[in-house]
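In: Sharing a model that was predicted from the sequence below.
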Amino acid sequence: MVTIKEIANAVGVSSATVSRVLNYDATLSISASKRQAVIETAEALNYATPRSRNRANGLNGAQALVPGAGRIALVHFLRPPQELTDPYYIGVRLGIENRCRALQIDVVKVYHADSLPDATLLREASGVIAIGRHTDEEVEWLREHSRTVVFADFSPQLDLEDSVESNIQLAIRKLLTALHERGYRRIGFVGWLEHINQVPHLFTERRCRAYIEWMTQAGLFDPDLCVTEHLTPDSGYTLSKALMQLARPPEIIVACNDNMAIGAYRAMLELGLKIPDDVAIASFNDIPVAQLLNPPLSTVRIPAELIGETAVDLLLERFAGRDIVKTVILSTDIVWRESTR
């Protein structure tokens, strides 16, 4: 388990600063570079597993075996400040960068902006890895200006390019089934409005849709317990607080991701409710801070680092001559901690 002290020692800040950064304390006065260092160090320490080290060591010097390997362009659907608030996507990026570093492949990063970036960056790269959901217009632009594209944590509607992601719908069905087996019946859900081609759609996000389907089939669906809004840093707080002020509040809140679960913790603290005695909380992603919360958070581990590594592997297979499109679906695991009974 990663400790706050280990992160603090690595970055050169106090344990209190690390705690406030990882709990997204908006009142903390800290530079963006130092905040990023804390988050990335937490991710890096969490990912320094024997598996990762062995795989990296085994890949050292392997670039000569990979025809076409050169500079890779990493195109992110988030802006840099947005990525800082979501360690999950930092994990995906670090997976890409660590694998490329082991293979001695250069990476140029292109973050989301108000306009499309300079296409020269893509045309000069051997290949492109696109992280996260991109609009149809952006997907077409990537296709037009890239030699080879691989999508990480997102699969376009048309299977024209390689992609790698986790089966989120199956993940929430697994979680809901396990919660039901543990005796939970009034299961609340807090999520966000999905934007498809920049247009918000109600109840279409994959977790939300799977939640509604599973709860309906189980005869447990209560529309009052399913709440969504435009995603903001306070969404988990506002939505969870609203749920707990219902005449019949939920026994447990399932949050779309760990960031929203942190907001739910803040709401419960404000309302004077104990987790999990008064209400339990579970979520998705298993970012490093999940194990540092009080109580530690039960969450579905989505292999962010492995998604990034696999995207690089898919790109290298393309360089080696594979011409059949491949879609890789990675499994997820439930990590039970003290936020649920």
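Out: Thanks, I have the structure now.

In: doesn't residue 129 fall inside a helix?
Out: No - according to DSSP: H, G, I helix; E, B strand; the rest coil, residue 129 belongs to no helix; its state is strand.

In: show me what contacts it?
Out: 72-75, 96, 149-152, 308, 311-312, 315 (C-beta atoms under 8 Å, 6 or more residues apart in numbering). To be clear about C-beta, it is placed using only N, CA and C from the backbone, and glycine gets the same treatment.

In: which element is residue 74 on?
Out: strand 72-76 (DSSP states H and E).

In: helices or strands up against that strand?
Out: helix 87-102, strand 107-110, helix 119-123, strand 127-131 (3 or more C-beta pairs under 8 Å, 6 or more residues apart in numbering; DSSP states H and E).

In: angle of the helix or strand hosting residue 141 against strand 127-131?
Out: Element membership for residue 141, per DSSP H and E: helix 136-145. Relative orientation of helix 136-145 versus strand 127-131 (axes from the mean of the first three to the mean of the last three C-alpha atoms, to 10 degrees): 170 degrees.

In: Need the contact partners of helix 136-145.
Out: Contacts of helix 136-145 (C-beta under 8 Å, 6+ apart): 75, 77, 116, 119, 122-123, 128, 130, 134, 149, 156-157, 160-161, 197.

In: in this protein, which residue is closest to the centre?
Out: residue 88 (3.4 Å; C-alpha atoms, centre = their mean).

In: Excluding chain neighbours, give the residue nearest to that one in space.
Out: residue 285 (4.4 Å; C-beta to C-beta, 6 or more residues apart in numbering).

In: Just give me the neighbour total for the nearest residue to residue 289 once chain neighbours are set aside.
Out: Once flanking residues are discounted, residue 289 sits nearest to residue 22: 4.0 Å by C-beta to C-beta, 6+ apart. Residue 22 sits with 22 neighbouring residues when counted by other C-beta atoms under 10 Å.

In: Any of the contacts of helix 136-145 buried? List them.
Out: 75, 77, 122, 128, 130, 134, 149, 156, 161 (16 or more other C-beta atoms under 10 Å).

In: Roughly how far does the third one sit from residue 103?
Out: Shown here: residue 122 relative to residue 103, a distance of 20 Å by C-beta to C-beta, to the nearest Å.

In: Partner strands of the helix or strand following the helix holding residue 141 and their direction?
Out: Next along the chain after helix 136-145, taking DSSP H and E as the criterion, comes strand 149-152. Strand pairing for strand 149-152, using DSSP bridges, gives strand 127-131 (parallel), strand 162-166 (parallel).

In: For residue 37, which of those is the nearest?
Out: strand 127-131 (20.4 Å; C-beta to C-beta).

In: Residue 83: what's it in contact with?
Out: 76, 89, 90, 93, 111.

In: These into JSON lines, with extra columns for distance to residue 337?
Out: Shown next, in JSON lines, are those (distance: C-beta to C-beta, whole Å):
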{"residue": "76", "distance to residue 337": "30"}
{"residue": "89", "distance to residue 337": "22"}
{"residue": "90", "distance to residue 337": "21"}
{"residue": "93", "distance to residue 337": "26"}
{"residue": "111", "distance to residue 337": "33"}
